[in-house]
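Peer 1: take a look and give me a structure for this.
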Amino acid sequence: MHIKRLFLIFYLLFSASLLSAQTSISGLVKDSIGDPVEGASVTIVDKDGAGIAFEKTDQKGVFMCRFQNTSAQLSIKITALGYQQSIVPLSGSADERYVITLKKIVRQLQEVVIKSDSKISLSSDTLKYNVKAFADKNDRVIADLISRLPGIQVDEKGAISYNGKRINNVYIDGDNLLSGRYRLATNNVPVGAVEQVQVIERDQPVKALNGYVVANNVSLNLKLTDSARTMSINTGHIGLGNKAYHAELNNLIFKQKLKSINNLKTNNIGENLETENADVGLPANGSEMNLRSPRPYLSMQNETLPAVAEQYYLMNNDNAANINTLFKFKTDWSLRLNVSTLQLKRKNRYNNQLNYFLPGSDTISYDEAQNSTFKLNQWQVQAQIEKNSNSIYLRSVTRIDLPKWDRIGNTAQNGQDFKQNQPSSYSSLSNETNLIKALGVNNILQYNALLQYYKLNEALTILPGIQENIVNDSIGYLKLDQQARTRNIFINQSITYKTKFDQFILSASLGLFYERNKLNSGLYKTDSSLVTSAVGNQFKNAIVFDNLGFFGRASAIYLFEKGSSVSIEASPTYSFIHYTGQKKTASGKNAWFLPNPVIEFRKRTGNYAETNFRYSRQTEFGQVNDVYQGTMLVNYRQFNFNDAPLPKTNISSIGLRYAYRKPLKMLFYNLSFNYDQTKQNFINTYTLDSGLTKSVAIDFKNRTDRYALTANLSKYLFFLSTNVSASGNLSLQKGNSFYNGQISPYHSYVVSFSGAARRKIFSKATVSVTAETGKFINEQKISGSAVTKNATDFKKIKAEWQHSLTAQLLYGVSYKFSWYKQSLQNPVANHFIDLNLKYTPAKWKSYFELHGINLINQGVYKQIVSNSNQLSVFQMPLRARTVLLKYAFSF
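Peer 2: The predicted structure follows:
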C-alpha cells in the first residue's frame, strides 16, 4: 500500500516537472462562414517541416498542443479534408490564442451540406434548422417556432426535448447566459433575430474535460443574425381589455463580449411568469452536486390543477423583472450576473367532493370549498465567474434565493366554515466551485465544492379552532396555530483524478459530505379568553439530524470506434446518520456502506442510430421530514407523524433506448424501455374518518415495480409539405397502499397515444391538428380474491387555422376540446375557442393585435379523478371571455 502511495506521489511530481518544461498553444479552427471545423489535423512543425507535436480539433473546432520548449522557428500546420492547407508561424507569445480560418477547396463544393435554401443540415453532431424555412408570420419569439421543428418536442412547462431526450441548456451564439432557466431566452428572443436553431447532440461545454468524459448531453444553440449582433434589440407591448391587461418591455444585447436579456412583464390574463422563471433544464456532465431543496411541511390543501391551459383558469396578477448579463474577457474569462424578482398574486376558488372506498368500512366523504389568495414576493441573485480553457477550468457560482409566500383564505369542509392563513419565508445562500487542471497531456485533477445554508419558517393558522376532539377535549376554541421551523447546513467536497490512454479513460475520486438539519415545531391553541398555550408535548418536535458521509468514486470507460463506449462506475459511500428528538430511534444502527454501481453502454450504428443501455442501483435515506415523531397538523384535515426506523430506499433501474435520426430527410424516432424497482423499509399508512386523516410512516417491507415503454416519431413529408409526429406510452406500476389498518396491493396501468400534423393548405394558410387519447386503469385488491377496478378514458384535440389575408392583415382561430369519462360517471367535456387578429400598418415597425380568449365563455371546469380507492369530483370557475387589444412596438 505504501509503495502505491509513493508511486502516485512520484508520478504527480514527474507530471508537474514535464508540464513546467512544456509550451502550450491553443486556438480555434473555423471555415469561411464561421462554423467550427471538427477533426482537423493540427501539427507543430519546425522550419524544415518536421512535426514535433500532433493534435486534432474537437467538435467545436478547438485545439490545444503541448510540446517541449525549443528555440527553433516553429509553425502551426492545419489540414482538413475538403479545405486548403494553412501554415501559421508561431508568434512566441504564450498567451496568444490562434484563430485560423480554412478555405474550402473548390472541387469539393458539391459536398458542402449547408445551403441557403435548405431547411435542415447536419455538421458532425450539430443539427441546424434554418429559421427562415420554418418561420411563420404569426411567430413573435423563437419559442413559437421551436415547438414546430421536426424532432423537437416542447411540454406545457416549456421544457424542450430532442428526439425524446431532454435538453440541458439553450446557448445564445455559443454562450450560456441562463443555464436551466432557458425559457427567458426562448420566450424573449425575437424570431427574426435568429438565423439557425442548432441541436448539439453531444454537448460538452467544459474544454478541459474534452476526451475525459463521454458527452451525452443535448443542448440548443441560437445562432443569431448579423444584425442582431450589432445593435441593441428593444421591444415591448401594451394591451388592455375587459378587466384585462398585459404589458412588457425587453432589452436584448448580443455582442461578442457582452450579452444581456433584461425585461419587465406584467399581466392578469393567465400568463404564469413563475413558470417562465423556473429551472427546466438538466444539469450538465460537469455538475455532480445539487443544491438541497426543502420539503415544506404545511399547506392549505389546494393541490389539484385543471388539465387545461393556465390562461383559462389562472386568476393572476403577475409582475416580473429580470436582469441577465454575461461579460466575456480575454483569456477565456467570463462574468455572469442573473437577478430576478417575482411579485405574484393568485386567486383560487374550487369545490371538491372526495370519496374514499375502503374495505371493511363505509364510504368516507369530504365536501370541500375554498376561496383563497396567494401572494409571492421573491428575489433571486446569482453571480458566476468562469474560466474555460483547454488547460484549466474554474467556475464559482454564488446564489441567493429569498421567496416569501403569504396565503390566506376561507374554507368550508362538510358544512364547517373557517379561515386559514399560511405565511412562509425561505432564504438560501450557497456557493458551488469547480476547478479542473490539466496535468501534462493525458491527466487532469478536478476539485468540486458545495456549501449551502438555508432556513424555512412556516405557519398555519386556522380560526375558529377545528378538530376539537383531538386538541381541546371536544370543547370549542378560538384559534389553532401550527408552527414549523427548519435550518439546514450542507457541505460537499471532493477531488478527482482522471487519466486516459489508448481507448481507456480512468477516474478516481475521494470526498466527504456533511448535512445538519434542525426541525422545531409545535401546535398552539387560543381559547375564548385569548389565552394561547401549547396543545401538548405529543405535538412538539425538536430534532437535530446529522448525516456524515465519506465516499469514493471509481470509473472506467472504454471507447470503441465510431463513438461507441462502455463504462463501469461504483460510488462506495460510508454514511453515518444520527438524529435526536423526543424518542430514540427504533434501531441503534447508524452506519451504512453503499456501493452504488452504474453500468452504461452506448453503441452507435452507422451515422444515424444509437443504442443506450444503463443499469444503476442507488440508495437514498430519509431526511428530517421522514423521522419526526411529534404529531404535526400539515393541513386542516390531516395530522402526520412517523413511527418507523430511518427510511431507507433502494432504487434499481434498467433503461434501454434506441434512437434514430436522419436529419436531411427530417426523420426522427426513438423507442425506450425503463424498469424501476423501489424497495423501502417503511410505508405511509392512512387512517381516515369523516373530516380527518391521520398519516403515519411505519416499519414495513415495501416494494414498488414500474415498467414503462415509450415511443416517439417525427417526420416531415416533403411531398405534402406537412410535418407529422406521433408518440405512445404504456406503463404499469405495482405496489401497496395502507388505509384504515389494511394493506391493499394495487396495479395501475396507463395507455396513451398522441399525434400531430401541420400543413400549409396554400401559401398563405396553415392548418394544424393535435390529438391525444388514453386510458388510466386502477385495480385494488380489497380482501381475499376480491378486486375493485375503475378506469378513466380521456381525449384531447387542438386545431388551429392561420391565414394571411394580405401582407398587413392575418388572423388565427384555435379550438381546444377535452373529454373525460370515469367509470360509472357521466362524461365531462370542455370546449374553448380563441381568436387572434394581427394588423401591421405599411412601413411600420409596430403592429396591432386583437386577442379573444374563451370566446364561447365556458364558465366552469369540471374534472373527475379516481384511483384504486378514491373518487374526486373537482370544479372551479374559469376566466370569463376576455378580449384584449395589444399594441406591439420596437424602439
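Peer 1: give the full set of residues in contact with the residue nearest the centre of the chain.
Peer 2: By C-alpha atoms, centre = their mean, the chain has its centre lying nearest to Val280, at 3.0 Å. By C-beta atoms under 8 Å, 6 or more residues apart in numbering, the residues touching Val280 are Lys157, Gly158, Ala159, Ile160, Gly180, Arg181, Tyr182, Arg183. (Each C-beta comes from the backbone N, C-alpha and C, glycine too.)
Peer 1: give me that answer again for 6 Å
Peer 2: Lys157, Gly158, Ala159 (C-beta atoms under 6 Å, 6 or more residues apart in numbering).
Peer 1: quick one: pLDDT of it?
Peer 2: pLDDT for Val280: 86.
Peer 1: and the protein, what are its domain boundaries?
Peer 2: Under the assignment automatic domain parsing, the domains of the chain span 21-108, 110-225, 237-890.
Peer 1: picking up where we left off before, filter the contacts of Val280 down to the buried ones.
Peer 2: Among the contacts of Val280, the ones that count as buried by 16 or more other C-beta atoms under 10 Å are Gly158, Ala159.
Peer 1: output the contacts of Val280 in JSON lines, with secondary structure appended to each entry.
Peer 2: Output for those, formatted as JSON lines (DSSP: H, G, I helix; E, B strand; the rest coil):
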{"residue": "Lys157", "secondary structure": "coil"}
{"residue": "Gly158", "secondary structure": "coil"}
{"residue": "Ala159", "secondary structure": "coil"}
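Peer 1: how many residues are close by Glu458?
Peer 2: 21 (other C-beta atoms under 10 Å).
Peer 1: does the residue nearest to the centre of the chain count as helix, strand or coil?
Peer 2: Assigned state for Val280: coil (three-state reduction, three-state DSSP).
Peer 1: ok, the closest residue to it other than its chain neighbours to Ser391 distance?
Peer 2: Sequence neighbours aside, Ala159 is the residue nearest to Val280 in space, at 4.2 Å (criterion: C-beta to C-beta, 6 or more residues apart in numbering). To Ser391, Ala159 is 35 Å away according to C-beta to C-beta, to the nearest Å.
Peer 1: ok, the contacts of Val280 vs Val441, which is closest?
Peer 2: Closest to Val441 out of those is Ala159 (39.3 Å), distances taken as C-beta to C-beta.
Peer 1: what segments of the stretch 601-750 of the chain are helices?
Peer 2: Using DSSP state H, counting those that start in this stretch, no helices are found in the stretch 601-750 of the chain.
Peer 1: can you give me the strands for it?
Peer 2: Secondary structure of the stretch 601-750 of the chain, counting by DSSP state E, counting those that start in this stretch: strands at 609-621, 632-635, 638-643, 648-662, 667-689, 692-717, 722-739, 742-762.
Peer 1: contacting residues around the second one?
Peer 2: What it means is strand 632-635. Tyr297, Leu298, Ser299, Gln301, Gln482, Ser521, Leu523, Phe639, Asn640.
Peer 1: now those residues as TSV including secondary structure and neighbour count?
Peer 2: Compiled in TSV, the contacts of strand 632-635 are given as follows (DSSP: H, G, I helix; E, B strand; the rest coil; neighbours: other C-beta atoms under 10 Å):
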residue	secondary structure	neighbour count
Tyr297	coil	25
Leu298	coil	20
Ser299	coil	17
Gln301	coil	19
Gln482	strand	24
Ser521	strand	22
Leu523	strand	24
Phe639	strand	21
Asn640	strand	20
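Peer 1: max pairwise distance over the residues you listed: which two?
Peer 2: Greatest spatial distance among the contacts of strand 632-635 (C-beta to C-beta): Gln301 and Ser521, at 18.2 Å.
Peer 1: strands paired with the helix or strand where Ser121 lies, and their directions?
Peer 2: According to DSSP states H and E, Ser121 maps onto strand 120-123. Pairing partners of strand 120-123, with direction, according to DSSP bridges: strand 126-130 (antiparallel).
Peer 1: closest to Met231 out of the domains of the chain?
Peer 2: Closest approach to Met231 among these is made by domain 237-890 (8.8 Å; C-beta to C-beta).
Peer 1: gap between the two ends of the closest one?
Peer 2: In domain 237-890, first residue to last residue: 8 Å (C-alpha to C-alpha, to the nearest Å).
Peer 1: likewise stretch 198-213?
Peer 2: Terminal residues of stretch 198-213 are spaced 22 Å apart (C-alpha to C-alpha).
Peer 1: shaky segments in the stretch 201-350 of the chain?
Peer 2: Low-confidence segments of the stretch 201-350 of the chain (pLDDT under 70): 283-289, 302.
Peer 1: run through the helices of it in chain order.
Peer 2: Using DSSP H, counting those that start in this stretch, helices in the stretch 201-350 of the chain cover 226-230, 273-276.
Peer 1: what part of this protein, helix or strand, is modelled with the least confidence?
Peer 2: helix 2-20 (a mean of 42; mean pLDDT, DSSP states H and E).
Peer 1: give me the next element, helix or strand, following it.
Peer 2: According to DSSP H and E, the helix or strand after helix 2-20 is strand 22-31.
Peer 1: check which residues of that following strand are buried.
Peer 2: For strand 22-31, by 16+ other C-beta under 10 Å, it's Thr23, Ile25, Ser26, Gly27, Leu28, Val29, Lys30, Asp31.
Peer 1: same check, this time on stretch 835-844
Peer 2: Asn836, Leu837, Lys838, Thr840.
Peer 1: what about the third one, distance to Glu271?
Peer 2: So the one you mean is Lys838. Relative to Glu271, and taking C-beta to C-beta, Lys838 is found at 18 Å.
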